[in-house]
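> structure, please.
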Amino acid sequence: EEKLLHITGHIRDQVSGEQKTREEQHASIEEQVKFLESVIGDNAEKHSKGLEEHGKGVKALSEMHAGTAERLDFIEQTLGVSVEKQAKDLSSFISQQLGGRTTP
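A predicted model of the protein is given here:
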């Protein structure tokens with residue numbers, strides 16, 4: 001009976017030790033998971049901010065491009081009208097100089 005109590009006590013000590021080890025490992029794993037979650041969260045926030053800044057840059061470039069295209073259209077239209085007007089004026093001048101005669 002004494003030997004049985006000794007073996008039972010030894011088994012209880014082993015089980016208690018293993019339980020303590022598992023609790024420490026569990027706490028360690030939980031800490032590691034929390035750390036990973038914080039790192040992933042930080043990276044996700046940085047990535048989100050980076051995408052937001054990129055979106056703002058793209059929008060600004062798009063607006064600038066639209067403004068440039070409108071200005072270019074205006075310049076082309078103005079030059080086209082000017083060239084047409086000058087051609088008519090030149091034609092009229094030549095006709096006046098030639099006294100109504102047409103050129104070959």
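> where does the protein have low pLDDT?
Low-confidence segments of the chain (pLDDT under 70): 100-104.
> which residue lies nearest the spatial centre of it?
Residue closest to the mean C-alpha point of the chain, counted by C-alpha atoms, centre = their mean, is Leu51 at 2.6 Å.
> so which strand or helix has it?
Assessed by DSSP states H and E, Leu51 sits inside helix 2-97.
> return the set of buried residues in stretch 65-76.
Buried residues in stretch 65-76, counting neighbours by 16 or more other C-beta atoms under 10 Å, are absent. Backbone N, C-alpha and C define where each C-beta goes, glycine included.
> chain center to that stretch, what's the gap?
Offset of stretch 65-76 from its chain centre (C-alpha atoms, centre = their mean, to the nearest Å): 27 Å.
> export that stretch to CSV, keeping only CA atoms.
As requested, the backbone C-alpha atoms of stretch 65-76 are provided in CSV (Å, rounded to 0.1, in the frame of the first residue of the first chain):
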residue,chain,number,x,y,z
HIS,A,65,-4.8,65.4,-67.5
ALA,A,66,-8.4,66.4,-68.1
GLY,A,67,-7.5,70.1,-67.6
THR,A,68,-4.6,69.8,-70.0
ALA,A,69,-6.8,68.1,-72.6
GLU,A,70,-9.4,70.8,-72.4
ARG,A,71,-6.7,73.5,-72.8
LEU,A,72,-5.2,71.7,-75.7
ASP,A,73,-8.6,71.4,-77.4
PHE,A,74,-9.1,75.2,-76.9
ILE,A,75,-5.7,76.0,-78.4
GLU,A,76,-6.3,73.7,-81.4
